[in-house]
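[1] Here you go, sequence then predicted model.
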Amino acid sequence: MTASLTVLAVDDELPALRDLERLLLASPLVRLVDTAASADEALARLGSRTYDALFLDVRMPGADGIELARVLRRFARPPAVVFVTAHEDAAVDAFQVRALDFLLKPVARRRLDEALARVRGDPAAAVPGGAPTASSLDVVPAQALRGGVRLVPRSSILYVEAAGDYVRLVTDDGRFLLRGHLLDLERRWRAYGFVRVHRRYLANLARATEVRPHLNGTASLVFTSDVAIDVSRRQAAQLARRLRI
């Protein structure tokens, strides 16, 4: 794997900036990391060289990360923006300025690698078993159960469960709520590998590991962490045809 990415890391807190710089430099995808402690310093850096990505704190004195991201959209060839923050409530603003990803502090190695893979354009976004992305921002803004909004990578979703006027997104990292109905998501997410397997469930087949048939004609669909959901009799037959079982 060739190190090719040039990255600018921006954070007004020096310890956090040094930690981020260290994590980025440890990636085999990254060739160079420059740092800046403010939006003004970042703009000066951006005026002197071109970067593939900007890993950017949201809350900073003076111009904050969201304002800087808006300025970058005026560039002829802007770098990809990845927000790195401790504030989940900034996710909606990040989504609106078309950020490529949104990482919560402390940054997990897996999530950083996933974001870097997206910057480089790897189709599976560095998630084992992940589905190919259909756009540069393959995330879903959903409501965290403990409050705030979380940008959930679509490829991290194991399955979607109906919950009244909402749907529940079940992921590797937890459960999140999204206003909507399975029927609508079934139509819109078909291209991402999501399949209706039950009146209550929409499954990400890219994350499934096993189909367990039952004697009554139904089945269970098992995912990577041994989580399983029901497959109805009618959907079990369709799933078997789809998977050529």
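    Great, that's in hand.

[2] hey, let's count contacts and neighbours off CA atoms from now on
    Will do.

[3] which stretches of the protein have low pLDDT?
    Filtered on pLDDT under 70, the chain yields the residue ranges 1-3, 88-96, 122-137, 145-148, 244-245.

[4] and it, what are its domains?
    5-120, 139-243 (automatic domain parsing).

[5] Please name the residues that touch the residue sitting nearest the centre point of the chain.
    What sits nearest the mean C-alpha location of the chain, by Cα atoms, centre = their mean, is Pro153, with 2.5 Å. Each residue near Pro153 by Cα atoms under 8 Å, 6 or more residues apart in numbering is listed here: Asp138, Val139, Val140.

[6] again, only this time at 6 Å
    Val139 (Cα atoms under 6 Å, 6 or more residues apart in numbering).

[7] For Ala142, see how far away it is.
    10 Å (Cα to Cα, to the nearest Å).

[8] got it, and Leu104?
    From Leu104 to Ala142 the distance is 15 Å (Cα to Cα).

[9] higher neighbour count, the two?
    Between Leu104 and Ala142, counted using other Cα atoms under 10 Å, Ala142 has the larger neighbour count: 21 against 18.

[10] which ones are touching that one?
    Val149, Arg150, Phe176, Leu177, Leu178.

[11] The helix or strand harbouring it pairs with which strands, parallel or anti?
    Under the criterion of DSSP states H and E, Ala142 resides in strand 139-144. The strands that strand 139-144 pairs with in its sheet are strand 149-153 (antiparallel), strand 174-179 (antiparallel) (by DSSP bridges).

[12] So which bits of the longest one are buried?
    The one in question is strand 174-179. Buried residues in strand 174-179, counting neighbours by 16 or more other Cα atoms under 10 Å, are found at Arg175, Phe176, Leu177, Leu178.
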